[in-house]
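**Student:** Can you look at this prediction? I've put the sequence above it.
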Amino acid sequence: MDNNPVSCSQLGKYFHLDSKQLQQQYKDHISDYKDWDQREHAADWLLYPENTGPYLSIDEISLSNGELYTIVTNKATKGRKGSLVAMVKGTQASSVIEVLRKIPKRIRGKGREVTLDMAANMGGRRCGMIVSRCFPKASKVIDRFHVQKLAYDAVQEIRIQHRWQALDQENQAIETARQSDLVYQPEILANGDTLKQLLVRSRYLLFKHHDKWTVSQVQRSRLLFERYPVIEQAYKLATGLGAVFRVCKSKEQAFKRLALWYNTVEDCGLDSFKTVAKSIHTHYLDILNRGGGPLLS
């Protein structure tokens, strides 16, 4: 268990042992947990100064029982061993700063760039304070994928609205059939979905670019967009925003395409995308392109 990714539960089943007892024995006697130097404060914070690098990321994560933690990671490790720099319980800037300042100043001074979420509490004063006080030489950027996710979330919001409407319509149809002593028969679409199923099963395809759709997803998208043109409109807005980051290599080109995208959003009448556009406008100078470096700065 020290060298290979196997759980106590799996090991217990293999050797016909009580897995819970094995887990307790491993924790208390076999492992070095009792000698762990961060054991006393592990529930509140963890710190690994040796994992600090020039490119860091600060985000929030929800662990057991919905508790929020602020997590600082080294982007160069790409989620592998050595990624975690710090994890602090809660989202208070003062608590995070107190922990991060335990890292020697010379190490923190190596930070050149810190990637943030675009959410107000992460991209605003709180996270700005953490970066400026703990990594004074680092610039603050927003990963373009946070921006793209916001757009796709807007698409899903519209899909969900129509799903609830379809549920209401189905419930009304069932009640009408019952009152007439009839058996309700839902409409079956060309791919075998009912309307309710179509709206549920379209969730994943709306997160993907249409070039990556499977054959069944192409068929489902056609049925969805025929029935709900507004979802197609929202999907095209989301993919159009992604094209700005994917295609543009200079700020002049990006500004032009983004201005056209803004105009399309204004004309579409979709409130959720107007909110996305406002959020992008607020943070556009800090948005990070895939190739590294702020695309719109």
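**Tutor:** Noted; the coordinates are in hand. Quantities reported herein were computed from a predicted structural model and do not represent experimental measurements.

**Student:** Wasn't T115 part of a strand?
**Tutor:** Yes - per DSSP: H, G, I helix; E, B strand; the rest coil, T115 lies within a strand segment.

**Student:** Report the beta-bridge partners for it.
**Tutor:** Beta-bridge partners of T115, counted by DSSP bridges, are S57, V141.

**Student:** Thought S57 was touching it, still the case?
**Tutor:** Yes - the pair T115 / S57 is scored as a contact, 4.4 Å apart, by Cβ atoms under 8 Å. Just so you know, the C-beta spots here come from the backbone N, C-alpha and C atoms, and that holds for glycine as well.

**Student:** Which residues are in contact with each of these two?
**Tutor:** Counting by Cβ atoms under 8 Å, 6 or more residues apart in numbering, the residues touching both T115 and S57 are 75, 143.

**Student:** the helices in the stretch 101-250 of the chain, which residues?
**Tutor:** Counting by DSSP state H, counting those that start in this stretch, the stretch 101-250 of the chain has these helices, from start to end: 105-108, 120-123, 125-134, 144-179, 195-201, 215-227, 229-247.

**Student:** Would you mind pulling the contact partners of the third one?
**Tutor:** In other words, helix 125-134. Contact with helix 125-134 is made by 58, 91, 93, 96-97, 100-101, 103, 108, 111, 114, 116-117, 121, 138, 140, as judged by Cβ under 8 Å, 6+ apart.

**Student:** So what's the model's average confidence on that helix?
**Tutor:** Helix 125-134 comes out with an average pLDDT of 82.

**Student:** chain center to it: distance?
**Tutor:** 21 Å (Cα atoms, centre = their mean, to the nearest Å).

**Student:** now do the last one
**Tutor:** On the basis of Cα atoms, centre = their mean, helix 229-247 sits 18 Å off its chain's mean C-alpha point.

**Student:** Please identify the buried residues of whichever helix or strand comes after it?
**Tutor:** Moving toward the C-terminus from helix 229-247, the next helix or strand (DSSP states H and E) is helix 251-268. Within helix 251-268, the residues that count as buried by 16 or more other Cβ atoms under 10 Å are 251, 254, 257-258, 261, 264-265.

**Student:** how many neighbours does A154 have?
**Tutor:** A154 is flanked by 23 other residues according to other Cβ atoms under 10 Å.

**Student:** any idea what the spatially closest residue to it that is not a sequence neighbour is structurally, helix, strand or coil?
**Tutor:** Spatial nearest neighbour of A154, chain neighbours left out: S272 (4.0 Å); criterion: Cβ to Cβ, 6 or more residues apart in numbering. Under three-state DSSP, S272 falls in the helix class.

**Student:** what's around R227, how many residues?
**Tutor:** Neighbourhood size, R227 [other Cβ under 10 Å]: 15.

**Student:** ugh, wrong one, I meant A234
**Tutor:** 24.

**Student:** I'd say it and V155 touch.
**Tutor:** Yes - counting by Cβ under 8 Å, V155 is a contact partner of A234 at 4.6 Å.

**Student:** from the contacts of helix 125-134, which would you call buried?
**Tutor:** 58, 93, 96-97, 100, 103, 108, 111, 114, 116-117, 138, 140.

**Student:** Could you dump these into CSV with pLDDT and distance to R159 added?
**Tutor:** Compiled in CSV, the buried ones among the contacts of helix 125-134 are given as follows (pLDDT from 0 to 100; distance: Cβ to Cβ, whole Å):
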residue, pLDDT, distance to R159
I58, 91, 31
A93, 89, 36
V96, 93, 36
I97, 94, 40
L100, 96, 40
I103, 95, 44
R108, 93, 44
G111, 91, 40
V114, 90, 34
L116, 82, 28
D117, 72, 23
A138, 90, 38
K140, 83, 33
